[in-house]
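Engineer: Could you work out the structure for the sequence below:
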Amino acid sequence: MLALIAIFISFGALAALVQQDPKRARVFRQDARRVWLSSRALWLLCLSPSVILPFVAPFAHWVIWFGAITAGGWGLAYLRPGVLHRIRSALVQCEARMLQWRG
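Structural biologist: As a prediction, the model looks like this:
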């Protein structure tokens, strides 16, 4: 469970880094993005589980986190800029439907 929490935290920070990267915006000919949190803070948030996990969980959790973040980071780098926004809006719509279905 701790590995999943660490993966979500790190993956969220990586997604934010991807969205506000100025080089990526320039390559895809987009306007400069608003930086809502410094890159250092996002990198610290992304990599903090690598320091915390070995002390609070078995080593296997760290290996799972490391593999998932490595693969997820390459996956985020592969995506075009608009895809993350579409994925997020689809997840929000799915959540709204689930809440409506639940009653």
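Engineer: okay, CA-based contacts and neighbour counts for the rest of this
Structural biologist: Fine.
Engineer: Tell me which helix or strand in this protein has the weakest average pLDDT.
Structural biologist: Here the helix or strand of the chain ranked lowest by mean pLDDT, DSSP states H and E is helix 22-27, holding a mean of 68.
Engineer: how far away is Ala46 from Pro58?
Structural biologist: That one is not Ala; residue 46 is Cys. 19 Å (Cα to Cα, to the nearest Å).
Engineer: Settle it for me: which of the two has more neighbours?
Structural biologist: More neighbours sit around Cys46 than around the other of Cys46 and Pro58, counting by other Cα atoms under 10 Å; the figures are 22 against 12.
Engineer: So for that one, what's the pLDDT?
Structural biologist: Listed pLDDT for Cys46 reads 90.
Engineer: do the same with the one 10 residues further on
Structural biologist: For Val56, the pLDDT comes out at 92.
Engineer: same check, this time on Ala3
Structural biologist: Ala3 carries a pLDDT score of 89 in this model.
Engineer: residues in contact with it?
Structural biologist: When the contact criterion is Cα atoms under 8 Å, 6 or more residues apart in numbering, the partners of Ala3 are Leu53, His61, Trp62, Ile64, Trp65.
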